[in-house]
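Chemist: Quick check, what structure comes out for this input:
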Amino acid sequence: MRRLALAAAIAMITMGPKVALCNDYPDHVVKIIVPITAGGPLDSVARAIAQTLSERLKQPFIVENRPGAGGNLGIQSAIAAEPDGYTLVVATGSMLTTNPWLYKNRPFDPELDLRPIATLTVSSQTLAVNASLPVNSLSDLTNYSRKNPLQYATSGYGTPSDLTMQYLRMLAHFPGTPVTYRGLAPLMLDLLSGQVKVAFVATAGALPHVRKGELRALAVSSGHRSELMPDVPTIAELGFPEFIVDSYIFLMAPSHVPDSVADLLEKEVRRAVQLPEFKAYFRAEDIASVGSTSAESKAWIATELRRWGKIIKAANIQVN
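Modeler: Reported below is the predicted structural model:
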């Protein structure tokens, strides 16, 4: 059903005036690499953008899923492609700003190897606990865990859910033992059953279980409260102003892509993510349109790259 809804939303997004082409680009198929398996927010956003660009620029923009190594394989394949605008890649902010520090052999340099086209969307994670846990706030959780050390669920060592929890533990000084899962489904199953008591999960994924009373939402990771759960505070509001962990999605190109191509793509992508149909479809998934410029995206990546480098080194986190 989600696939059908996405197709319908894309059809609405692509209705509208066409754009005059720039220096005959594109004149054949453009590939957008998604560095994870099909499904999930990154894939959905990429497909919506690909369909919109196909309609506007009168050439097929196709999505190719190329998973592996936490997104590194797909990103590296884009970097290795000809910088002519015919191979692009969508990537999360986490892939761009934490992967270079997590892996022993640095897989890529996001500032030297890639050029941001635009920031597409942003979403949040929710600090959620099983409803059986006798805590109702972040301060309750930290106090409880100091007396009763907890296991927390993550989707893998060095993944966003793991890094977000480790960062919070560094700031709030509370103990915890990670339990890693291969995928969200088994993680949620154990969180809901109480096998593990706490985790950072996507806000949209947490919401149905919060409404049912199965989970309790203590805080969100982002700099702003979620529209889906406006009564849930941000962690920054709760005494940790430096704690802002937003889940951004970027469209990137190899670093030496021609300016004329990059400028055209930036203009079209920024237009696409502000269309009412695009916003409405993804709002239900706690995914908000951004549309930041290439320069703004570059500045964010540079700042976050240095911030996460310090965090990862301080926590001594490394993925082999």
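Chemist: Which of the residues in the longest helix along the chain are classified as buried?
Modeler: Counting by DSSP state H, the longest helix found in the chain is helix 294-315. By neighbour count with 16 or more other Cβ atoms under 10 Å, helix 294-315 contains the buried residues 294, 297-298, 300-301, 304-305, 308, 311-312. Yep, even glycine has a C-beta here, placed from its N, CA and C like the rest.
Chemist: so where do the helices sit in this structure?
Modeler: Under DSSP H, the chain gives helices at 2-13, 41-57, 72-80, 93-97, 99-102, 110-113, 138-147, 160-172, 184-193, 203-211, 259-273, 276-283, 294-315.
Chemist: how about stretch 194-212: buried residues?
Modeler: 196-207, 209-210.
Chemist: let me redo that: stretch 257-276
Modeler: Going by neighbour count (16+ other Cβ under 10 Å), the buried part of stretch 257-276 is 257, 261-262, 264-273, 275.
Chemist: which residues are contacting that stretch?
Modeler: The contact list for stretch 257-276 (Cβ atoms under 8 Å, 6 or more residues apart in numbering) reads 13, 16, 19, 22-23, 25, 48-49, 52-53, 56-57, 83-85, 88, 115, 117-118, 120-121, 251, 253, 278-279, 289-294.
Chemist: Tabulate the helices of the chain (CSV), appending mean pLDDT and distance to H224.
Modeler: Shown next, in CSV, are the helices of the chain (pLDDT from 0 to 100; distance: least, Cβ to Cβ, whole Å):
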stretch, mean pLDDT, distance to H224
helix 2-13, 51, 24
helix 41-57, 96, 18
helix 72-80, 98, 28
helix 93-97, 97, 15
helix 99-102, 96, 25
helix 110-113, 98, 25
helix 138-147, 97, 17
helix 160-172, 96, 16
helix 184-193, 94, 24
helix 203-211, 94, 12
helix 259-273, 98, 17
helix 276-283, 92, 14
helix 294-315, 96, 15
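Chemist: quick one on the thing from earlier: and of the buried residues of stretch 257-276, the nearest to T154?
Modeler: T154 lies nearest to V273 out of these, by Cβ to Cβ, at 29.4 Å.
Chemist: Out of the buried residues of helix 294-315, which comes closest to R169?
Modeler: I311 (11.1 Å).
Chemist: That closest one and M165 touch, don't they?
Modeler: No. Between I311 and M165 no contact is recorded; they are 11.8 Å apart, counting by Cβ atoms under 8 Å.
Chemist: hmm, back to that, how about the buried residues of stretch 194-212 in TSV, adding distance to T177?
Modeler: Shown next, in TSV, are the buried residues of stretch 194-212 (distance: Cβ to Cβ, whole Å):
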residue	distance to T177
V196	10
K197	11
V198	11
A199	12
F200	15
V201	18
A202	22
T203	24
A204	27
G205	23
A206	21
L207	27
H209	23
V210	24
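Chemist: Taking those, tell me the two that lie furthest apart.
Modeler: Top of the distance list for the buried residues of stretch 194-212 (Cβ to Cβ): K197 and A204, 21.1 Å.
Chemist: For L73, which non-adjacent residue is closest in space?
Modeler: Once flanking residues are discounted, L73 sits nearest to R66: 6.0 Å by Cβ to Cβ, 6 or more residues apart in numbering.
Chemist: where's the nearest residue to T52 once chain neighbours are set aside relative to I36, distance?
Modeler: Spatially, and ignoring its direct neighbours in sequence, T52 is nearest to A272 (4.3 Å; Cβ to Cβ, 6+ apart). Taking Cβ to Cβ, to the nearest Å as the measure, A272 falls 21 Å from I36.
Chemist: what do you get for I244?
Modeler: For I244, the distance to I36 (Cβ to Cβ) stands at 24 Å.
Chemist: Can you pick out the residue with more neighbours from those two?
Modeler: Neighbour count, other Cβ atoms under 10 Å: between I244 and I36, I36 has more, with 21 against 16.
Chemist: Correct me if wrong: the more buried one contacts N65.
Modeler: Yes. With contact defined as Cβ under 8 Å, I36 and N65 form a contacting pair (6.8 Å).
Chemist: I'd say I62 and P26 touch.
Modeler: No. Look at I62 against P26 with Cβ under 8 Å: they stay out of range, at 11.5 Å.
Chemist: Look at the two and report which has more neighbours.
Modeler: Comparing I62 with P26 by other Cβ under 10 Å, the one with more neighbours is P26, at 21 against 13.
Chemist: contacting residues around the residue nearest to that one when sequence neighbours are not counted?
Modeler: For P26, ignoring the flanking residues on the chain, the nearest one in space by Cβ to Cβ, 6+ apart is Q59 at 4.3 Å. Going by Cβ under 8 Å, 6+ apart, Q59 touches 26-30.
Chemist: Please narrow the residues you listed to those residing in strands.
Modeler: Among the contacts of Q59, the residues falling in strands (DSSP state E) are V30.
Chemist: Sort out which of the contacts of Q59 are buried, if you could.
Modeler: For those, buried by 16+ other Cβ under 10 Å: 26, 30.
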